[in-house]
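K.L.:
Build me a structure from this.
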Amino acid sequence: MKRTPIKEIFRNNETLINQTVLVKGWVKSLRKSKAFSFVVLNDGSCFQDLQIIVDDTAPNYEEISTSIAGTCMSIEGLIVESGGKQAIEMQGKKPEVIGKVAQDYPLQKKKTSLEFLRDIAHVRARTNTLSAVFRVRHHLAQATHKFFSDQGFYYIHTPLITASDAEGAGELFRVSTLDDKNPPKTEAGAVDYSKDYFGAETFLACTGQLEAESLALAMGSVYTFGPTFRSENSHTSRHLSEFWMVEPEVAFADLDDVADLGARYIQYMINYAFEHCPDELAFFEKQYAKDLSETLKHVASSEFKKITYTEAIDILLKSQKKFDFKVEWGVDLQTEHERFITEEHFKAPVIVTDYPKDIKAFYMKLNEDGKTVRAMDILVPGVGEIIGGSQREDDFETLKARIKSCGLEESDYDWYLDLRRFGGAPHSGFGLGFERAIMYITGMSNIRDVIAFPRFPGNAKF
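P.N.:
Below you'll find the model as predicted:
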């Protein structure tokens, strides 16, 4: 008999009553009485567990009844109406242990901390919390592809190995096959990367933006969705060394165009989550984030306010609120500033534009004032920044000067400058850290709990 996912059993419970089905999954709990045992099974297909009653006439009853949480089982049985909390349950007729579990299995029925679960990431997806997170993650990935495809975007794949620092921040992981104890040297005594595998110094990419720009200037509207890497030595609850980015790039679009695109994308993801993950969102609201539904629905139905960075600074200064980080024109907005603007001042999502050029990347289009660039951040209540983007500098000479002023090597960006010489066009884009979006929509407070195997300073386990 073919296995039926537990999700399908609950979805079609009325038609399956008095029908025999086969389920396979992992024991969440087992309670033995004199003549029968209650087995609670979950196969990861949905949030709900299936209660199965196995009586002592079943084959292998002794083995089944003495099994512990974590045991993998296959049970064939009859779906019947339940007198308990669930509408249905199973009368197990043919139970079988597929995989026994050792006594030191780390997941017990008692509540376990998220910190502890990070140390056992190889089995933490069997918990209610992490399995729910990863189902939401799946659906938000599907929502991403559907949203951009429906908008006429093409999904592209950009390289994970690069020779250029797209952000100019130097937070890169080097990729090399040279002998780390005795690398070849130049006459000046520096490491000779011309002898390396790629013939040049290379790194793990921190963004796919620059390559996406080249495809946008041929295909119109594209997006990349893949892993990116930052060697930033940060241990906060919002930073990872390896994370996923969604980066659309649009030819013939200005900053307002992509700001509106980003707002619609956020609202689309929220609505998609409510449609496809109602049980998971209800669980997160109950366990982790009170008023989660209200917060998300407010953002999904609100108009995004739009202000300039200068206006944002004025709002913060006039608030007379004491912030941990200093507020003055020229400094980047911190999370506490962003949350004040969205949660206390506007009580709505906000788009902040036109940041000082000195705190933004070289590729952002310079404004006529010579002090600010066409950059934008989308801020949402509860989190702060969730999207960052800009109109890209499309003037060859201006971009060349910006590269020089940022202390970057022009030769590393020859091909990028060519895009301005070979039929250049105005274009814009943004980046959304996928894990931060998952944090926002689930209400989870630590980014390490929304990716299966988190990578951060001092940790590359699993």
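
K.L.:
going forward, measure contacts between C-alpha atoms and count neighbours the same way
P.N.:
OK.

K.L.:
Might you report the residue contacts of Pro5?
P.N.:
Contacts for Pro5 were tallied using CA atoms under 8 Å, 6 or more residues apart in numbering; they are Val23, Lys24, Asp43, Ser45.

K.L.:
looking at the protein, which helix or strand is least sure?
P.N.:
helix 13-16 (a mean of 88; mean pLDDT, DSSP states H and E).

K.L.:
still on that earlier bit, of the contacts of Pro5, buried ones?
P.N.:
Val23, Lys24, Asp43 (16 or more other CA atoms under 10 Å).

K.L.:
what about stretch 371-390, how long is it end to end?
P.N.:
Chord length of stretch 371-390, first to last residue, is 15 Å (CA to CA, to the nearest Å).

K.L.:
Let me know the closest of the buried ones among the contacts of Pro5 to Gly433.
P.N.:
Distance to Gly433 across these (CA to CA) is lowest for Asp43, with 29.4 Å.

K.L.:
can you give me the end-to-end distance of stretch 214-227?
P.N.:
From its first residue to its last, stretch 214-227 covers 19 Å (CA to CA).

K.L.:
Show the residue spans covered by the helices in the protein.
P.N.:
Assigned helices in the chain, in chain order: 6-11, 13-16, 61-65, 114-118, 128-150, 209-219, 255-276, 278-287, 292-301, 309-318, 335-339, 396-405, 414-421, 434-442 (criterion: DSSP state H).

K.L.:
mind listing what's buried in the longest one?
P.N.:
What it means is helix 128-150. Under the neighbour-count criterion of 16+ other CA under 10 Å, helix 128-150 has 128-137, 139-141, 143-145, 147-148 buried.

K.L.:
Next up, the contacts around Asp332.
P.N.:
Ile359.

K.L.:
Model confidence score at it, please.
P.N.:
pLDDT, Asp332: 95.

K.L.:
And it, how far from Val383?
P.N.:
The span separating Asp332 from Val383 equals 16 Å under the rule CA to CA.

K.L.:
do Ala69 as well
P.N.:
Note on Ala69: its distance to Val383, by CA to CA, is 36 Å.

K.L.:
cool, Tyr223 as well?
P.N.:
Note on Tyr223: its distance to Val383, by CA to CA, is 24 Å.

K.L.:
Look at those two and report which has more neighbours.
P.N.:
Between Tyr223 and Val383, counted using other CA atoms under 10 Å, Tyr223 has the larger neighbour count: 29 against 20.

K.L.:
Could you check how far the spatially closest residue to that one that is not a sequence neighbour is from Ile438?
P.N.:
Once flanking residues are discounted, Tyr223 sits nearest to Pro248: 3.9 Å by CA to CA, 6 or more residues apart in numbering. As for Pro248, its distance to Ile438 is 18 Å (criterion: CA to CA).

K.L.:
okay, now Glu115: neighbour count?
P.N.:
The tally of other residues near Glu115 (other CA under 10 Å) stands at 11.

K.L.:
Contact partners for Lys400?
P.N.:
Lys400 makes contact with Glu410, Leu417 under the criterion CA under 8 Å, 6+ apart.

K.L.:
thinking again about what came up before, and the residue nearest to Tyr223, how many neighbours?
P.N.:
Neighbours of Pro248 using other CA under 10 Å come to 29.

K.L.:
And it, how far from Val299?
P.N.:
When distance is defined by CA to CA, Pro248 is 21 Å away from Val299.

K.L.:
ok, the closest residue to Glu280 other than its chain neighbours - contacts?
P.N.:
Beyond its immediate neighbours in the sequence, the residue positioned closest to Glu280 (CA to CA, 6+ apart) is Ala132, lying 5.5 Å away. Taking CA under 8 Å, 6+ apart as the criterion, Ala132 is in contact with Cys46, Phe47, Glu280.

K.L.:
And for Ala212?
P.N.:
By CA under 8 Å, 6+ apart, Ala212 lies in contact with Ile156, Thr158, Val222, Tyr223, Thr224, Pro248, Glu249.

K.L.:
Any idea what the fifth one is bridged to?
P.N.:
Under DSSP bridges, the beta-bridge partners of Thr224 are Ile156, Glu247.

K.L.:
Name the nearest residue to Val246, sequence neighbours excluded.
P.N.:
Here the nearest residue to Val246 in space, its sequence neighbours aside, is Phe225; by CA to CA, 6+ apart that works out to 4.5 Å.

K.L.:
wait, doesn't the one you found sit right on His157?
P.N.:
Yes - Phe225 sits in contact with His157 when judged by CA atoms under 8 Å, with a separation of 7.5 Å.

K.L.:
Looking at those two, which one has more neighbours?
P.N.:
A side-by-side neighbour count of Phe225 and His157, using other CA under 10 Å, places Phe225 first with 23 against 13.

K.L.:
How much space separates that one from Leu281?
P.N.:
With the distance defined as CA to CA, Phe225 ends up 24 Å from Leu281.

K.L.:
Give me the contacts around stretch 6-19.
P.N.:
Counting by CA under 8 Å, 6+ apart, the neighbours of stretch 6-19 from elsewhere in the structure are 23, 42-43, 45-46, 48-50, 78-81, 87-88.

K.L.:
Mind checking which of those are buried?
P.N.:
Neighbour-count burial (16+ other CA under 10 Å) applied to the contacts of stretch 6-19 gives Val23, Asn42, Asp43, Cys46, Gln48, Asp49, Leu50, Leu78, Ile79, Val80, Ile88.
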